[in-house]
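Chemist: Provided below for reference: sequence and predicted model.
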Amino acid sequence: MSTALGRIIEVNGPIVTVFLPQVTIGEQVRVGELALVGEVIGRDGGRAVVQVYESTESLAPGQSAVPLGHPLAAELGPGLLGNIFDGLQRPLTEIREQSGDRIARGLTVASLDRKRLWHFEPAPDLSAGSTVAGGTVIGAVSETETIMHRILVPPDVNGELVNLAPAGDYSVEQVIAQVRSRDGAVHPLRLYHRWPVRKARPYGRRDQAGVPLITGQRVLDTFFPLLKGGRAAVPGAFGAGKTMVQQQIARWSNAGIMIYLGCGERGNELVEILETFPQLTDPYTGRLLMERTLLVANTSNMPVVAREASIYMGVTLAEYYRDQGYDVVMVADSISRWAEALREVAGRLEQMPVEEGHPAYLASRLSAFYERAGRVQTLAGGYGSVSLIGAVSPPGGDFSEPVTSHTKEIVQAFWALSKELADARHYPAIDWTESYSGYVDAAAVWWAKNVDPRWSAHRTEALGLLLQSDELARIVNLVGPEALSPAQRWVLEAAALLKEGLLQQSALDDVDSFCSPERQFALLDLLLDLYHQGRDLLGKGVPVQRLLQLPVLGRARRAKSAYSNGQMDGLKAFAAEMRDAFQPLSLEYAGSREGSA
Amino acid sequence: MRGKEYRLGSALRGGLLFVRGVPGVALGDRVVVRDHAGHTRNGQVIRTSEEVVLVQVLEGTDGLDLERTWTRFLEQPFEIALSNELMGRIFNGVGQPRDDRPPLVSSIRRNVNGSPMNPAARTRPREFIQTGISTIDGLYSLVRGQKLPIFSGPGLPHNRLAAQIVRQSRIIAERARFAVVFAAMGVSYADAHFFQEDFERDGVLGNVVMYINLADDPPIERLILPRTALTAAEYLAYDLGMHVMVILTDITNYAEALREVAMARGDVPARKGYPGYLYSDLAEIFERAGRIRSRSGSITMVPVLSMPSDDITHPIPDLTGYITEGQIVLSRELHNQGIYPPVDLLPSLSRVMKDGIGAGETREDHPRVANQIYASYARAIEVRNLASIIGTEDLSETDRRYLEFARSIETQFVTQGENEDRSIIDTLTLAWQLLSLLPPGELGRVREADLAKYHRQKQVAEAP
């Protein structure tokens, strides 16, 4: 009998109190006859409080508790991409083969396929005797057609390379290298290593250089940009289109690796991703999108403690690809459900609630999580980034609730979804008054250099028109449109054009679902030009009614769907044509105005 | 321990019985509690430790004392017997007959808590269910495997609407393979009777299983009732391959029972006294709807929920809306105007309809028509609000047509008889008839080809 064998004292929902001296906080423990796994979150004398990842039904006091000696860790190696894992990194398709349509308890399933062979190419510049350190790339395998998976020395290992396997096919379990550390210990290296999920993976240093993450969504890229390595939140009431925004980002972002984390959300939403993503083509490589995507799913009906762990699992996987030099984006839907899992555990522990039942440490846990985003120089010297985009589901759509308000203090890009816009079927329903981005200046440098130097000025002018029009709309609602001056009527029209022709973007429209930066700017330029032309004509005495009747307005509205990313010439030709459409009016009124002046 | 009775109750509080000194009792186990008169009640272990075991007494603790109450721990989880003889029967929340017929006997027994469906085993809801109700079929289509709640308010005709959905749903066309599971939590006798009569009149009673807990039955039983009902639904859908429609009414009563027990247990309240785990708890119920890739049956769920004070931001509708795939919202304003079913078009939504409609499913123009009706109606409501301030005289010709459109939508499209079963084609025809009140230039969400085919240009020449 093991000396470390303990016993269950109490079972209260997912919280199990065990008698088990000498366990460490964070250590994993197996409890009960089904050998359910949990982790120690508290100690009190000889007792340990364990939060169990699976349903604790049928556990009874007196049953065994066995410490496992290590914390919850991720297996990091080839075979992650294209897969769907639960919050504990168990592959769900493998679980299905073992336990059928429902997830049985107490299953042990390896995260990475042990049988599959990978073709390993050792790094050419390394050989026995080379000095290696944590993060050194000792070779690579081609994980998918598009993604080269670099095999890294685990962050906590360094020393002298004793040997390095030649090119060939290996399973993840086979030793491909040995490293002798300074103390003489020899560490066998495999294609994978483990890393505790609650601990951020080390890097060389933070890097401030910023390049915008292109999502192909105009309202995001043009108005509220996110940088690679940045932090963003998407708060919205139910029905505001949160999931759609997240899925669009997952589909179209120019990230090297995309991680989609379904945290406490609907099962059918993940199914939609599982069923549609494998058919989608990556707009950047022309290959399948799933080749650079991995899913972590802990749906709302799966146990809450695993839900709490799932965001750490997700971000650890993200950091691992970052350390290989990739720009990784993790979309987490939703952070509120994670916070609820935290609250549920806190409640069971009878911790004093502070706001709406949330524990006092909500804010610090939340900021510690988001802090794992960033662009870094990796241990190997390359550059990589983790961008975190978290959905927030505020109760009743109230942004002053604790999770939203704490998130607001942490993130730099805040994409506020508005119920009113969604109700008006303005999608994506991102509210231009409530949203903000702290990355605009950094993004402006990139846009000026790569797309057009007028980007920043255009953006400011367009936002100004939108805000001005909101003011005017309030007047109209009180006294009707007749009270406005012609110039004001034209502002309203210009804002309406911007909303329909630029901000609204249908995910279901094949032409417009993804909008290249060039086309984003061309559309913005076109609509502002239209506004300027009209404003000039108003100055010449043209009645606003004449302008509002121009058929070209309708075409400008639909230009986003009429010209694809590949038809920029057509779009430019249309812009010229539009200018011509104003000519007759300009000529007609040129004389009269000058005469009276 | 099994079969052994203990008289070790140490406290009774709010439906909970605290038993001291019984070692090794497992969480979730079934308990039989016998009172001084020899009557038994069902209980379930909801917390257990070496010192004290907490038993939730499903029939409530009224009339129990500590001195003469005996407790027996059955050392088995809460299971119900299942067979195809379920059909046509009426049970209470723990699966005991309420219809004076003998209990169901079967070798198939399942734990009412089920176990979570593997997301990788699911398949998307996608087959259109014709309910014969224009607002639902046309704008917020229900598809097989979806969970689409009715958000209602006290006194609104949600039960009549739910009954009409059950009655007219085309699943019924496939007689052999359809079933209705009706789960009533805390409803009035009149409401329960209304459904029963309706099923009977329709001759579908043989395809219905009813689980009933009335308003004067113990509230704690409401916590287990939907789980019992869904265990039966899962058996019918995945073992017998049936398409099952589950009506759960009323979710608000369920959530209130949950709050009551949470308070008695001393759980930390989150919003409005509801426990922090209300979301997860509701998700455990709602997520049992769906389809499984390798099985032929399906579970479509229509929960009925009355919003306290008609407030959609109240925690119950709010958390429900985050879990379900849309919602049908009923409007008191429309109801007061005598409109049935009073479906409020703007806040209603069906998230998964895009997979169930369009060419091959309903009709090619359906998605765009739904979008257009919605957009035009939203615009019409804006015009109506404006008109209520500045009067109709100052409105443009187009705006006046919008007013007419809004009224027609409400009186012709939304309004229909309780027994009026419209085909989806009839619904779309009606939709186009009403859209034709607006000039084609106003209809930006449909295609030119749609306009050419369906728009009835009863020409008032457009303003020059």
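Modeler: That came through, no problem. Residues are numbered from 1 along each chain as shown, chains lettered A, B, ... in the order given.

Chemist: In chain B, where is pLDDT below threshold?
Modeler: Along chain B, the model assigns pLDDT under 70 to residues B:1-3, B:170-176, B:458-464.

Chemist: And the helix ranked longest in it, what's buried?
Modeler: Secondary structure of chain B per DSSP state H: the longest helix is helix B:366-390. For helix B:366-390, the neighbour count (16 or more other C-beta atoms under 10 Å in any protein chain shown) marks B:366-367, B:369-381, B:383, B:386-387, B:390 as buried. For every residue, glycine as well, the C-beta is placed using N, CA and C.

Chemist: cool, stretch A:60-74 as well?
Modeler: For stretch A:60-74, by 16+ other C-beta under 10 Å, it's A:60-61, A:63-67, A:71-74.

Chemist: what would the residues you listed look like in TSV with distance to chain B and secondary structure?
Modeler: Below are these laid out as TSV (distance: C-beta to the nearest C-beta, whole Å; DSSP: H, G, I helix; E, B strand; the rest coil):
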residue	distance to chain B	secondary structure
A:60	4	coil
A:61	5	coil
A:63	8	coil
A:64	12	strand
A:65	13	strand
A:66	18	strand
A:67	20	strand
A:71	24	strand
A:72	19	coil
A:73	23	strand
A:74	19	strand
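
Chemist: Pull the most distant pair out of those residues.
Modeler: A:61 and A:74 (32.5 Å; C-beta to C-beta).

Chemist: Excluding chain neighbours, what is closest to residue A:399?
Modeler: residue A:235 (6.0 Å; C-beta to C-beta, 6 or more residues apart in numbering or on different chains).

Chemist: In this structure that neighbour contacts residue A:392, no?
Modeler: Yes. Between residue A:235 and residue A:392 there is a contact under C-beta atoms under 8 Å: 3.9 Å.

Chemist: which residues do the two both contact?
Modeler: A:404, A:407 (C-beta atoms under 8 Å, 6 or more residues apart in numbering or on different chains).

Chemist: How about the backbone phi and psi for the spatially most central residue of chain B?
Modeler: Centroid-nearest residue in chain B: residue B:303, 0.8 Å away (criterion: C-alpha atoms, centre = their mean). Residue B:303 adopts backbone torsions of phi -80, psi 140, taken as degrees, to the nearest 10.

Chemist: got it, and residue A:116?
Modeler: According to degrees, to the nearest 10, residue A:116 has phi -60, psi 140.

Chemist: ok, the residue nearest to residue B:82 when sequence neighbours are not counted - how many residues close by?
Modeler: Spatial nearest neighbour of residue B:82, excluding adjacent residues (C-beta to C-beta, 6+ apart): residue B:235 at 4.3 Å. A total of 25 residues lie near residue B:235 under the criterion other C-beta atoms under 10 Å in any protein chain shown.

Chemist: I figured residue B:235 was touching residue B:106, is that so?
Modeler: No. Judged on C-beta under 8 Å, residue B:235 makes no contact with residue B:106 at a distance of 9.7 Å.

Chemist: Pull up the overlap in contacts between the two.
Modeler: Counting by C-beta under 8 Å, 6+ apart, the common neighbours of residue B:235 and residue B:106 are residue B:82.

Chemist: out of the buried residues of helix B:366-390, which touch chain A?
Modeler: Contacts with chain A within the buried residues of helix B:366-390, counted by C-beta under 8 Å from any C-beta of the partner chain: B:371, B:374-375, B:378, B:386, B:390.

Chemist: Geometric centre of chain A: which residue is closest?
Modeler: Judging by C-alpha atoms, centre = their mean, chain A has its centre closest to residue A:331, at 2.3 Å.

Chemist: Domain parsing of the chain, as residue ranges.
Modeler: No chain in the question, so chain A it is. Domain assignment for chain A by automatic domain parsing gives A:6-70, A:113-191, A:205-437, A:455-596.

Chemist: That was the other one, I meant chain B.
Modeler: With automatic domain parsing as the reference, chain B has domains B:5-76, B:81-355, B:366-454.

Chemist: what about the first one, start to end distance?
Modeler: The distance separating the two terminal residues of domain B:5-76, taken as C-alpha to C-alpha, to the nearest Å, comes to 15 Å.

Chemist: picking up where we left off before, chain center to the longest helix of chain B, what's the gap?
Modeler: 28 Å (C-alpha atoms, centre = their mean, to the nearest Å).

Chemist: which residues are in contact with the helix or strand that that helix is followed by?
Modeler: Once helix B:366-390 ends, the next helix or strand along the chain (criterion: DSSP states H and E) is helix B:397-408. For helix B:397-408, the external contacting residues (C-beta under 8 Å, 6+ apart) are B:376-377, B:379-381, B:383-384, B:386-387, B:392, B:395, B:434-435, B:437-439, B:442, B:460, B:463.

Chemist: Okay, buried residues for helix B:397-408 please.
Modeler: Those would be B:399, B:401-403, B:405-406, B:408, for helix B:397-408 by 16+ other C-beta under 10 Å.

Chemist: cool, and stretch A:416-434?
Modeler: Here stretch A:416-434 shows A:416-419, A:421-432 as buried, counting by 16+ other C-beta under 10 Å.

Chemist: Please identify the helix or strand for the residue of the stretch 151-300 of chain A found nearest chain B.
Modeler: Here the stretch 151-300 of chain A gets closest to chain B at one residue, residue A:300, 3.4 Å apart by C-beta to the nearest C-beta. Using DSSP H and E, residue A:300 sits within no helix or strand.
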